[in-house]
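# here are the coordinates; sequence isn't available:
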């Protein structure tokens, strides 16, 4: 399985519109190669170098099926390490 984004490529800098000092938008996820029985996805963005240990900065899931790209507009936001929902 492969996870990426149409917003930037592996090794590129994250465009400012997706950065916290820009518009802080969530980049659109794209995935391929999921096994046939896949029923949904969860995308977690953890920061292992945070000062207080690993910090969950973003959690989104889409229990409706194999549409990883739905996480941008139709996915459900999970809780971050600070117990807030949405992307940090």
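Structure received. Remember, it's a predicted structure, so these values are computed and weren't measured experimentally.
# just the strands in this structure please.
Under the criterion DSSP state E, the chain contains strands at 2-5, 29-32, 41-47, 55-62, 76-77.
# helices or strands up against the shortest one?
Spelled out, it's strand 76-77. strand 55-62 (3 or more CB pairs under 8 Å, 6 or more residues apart in numbering; DSSP states H and E). For the C-beta atoms, the positions are set from N, CA and C on the backbone; glycine is no exception.
# distance from the helix or strand of the chain with the lowest mean pLDDT to the middle of the chain?
Counting by mean pLDDT, DSSP states H and E, the chain has its least confident helix or strand at strand 76-77, which shows a mean of 74. Offset of strand 76-77 from its chain centre (CA atoms, centre = their mean, to the nearest Å): 10 Å.
# what of stretch 50-59?
With CA atoms, centre = their mean, you get 14 Å for stretch 50-59.
# that older thread, which stretch among the strands of the chain is buried most, on average?
strand 55-62 (a mean of 18; mean count of other CB atoms under 10 Å).
# report the buried residues of stretch 7-26.
Within stretch 7-26, the residues scored as buried using 16 or more other CB atoms under 10 Å are 7, 18, 26.
# got the phi and psi for the last one?
It stands for residue 26. The phi/psi pair for residue 26 (degrees, to the nearest 10) reads phi -80, psi 130.
# what distance do you get for the residue nearest the centre of the chain to residue 61?
The chain has residue 43 as the residue nearest its centroid, 4.8 Å off, counting by CA atoms, centre = their mean. Here the criterion is CB to CB, to the nearest Å. By it, residue 43 lies 7 Å from residue 61.
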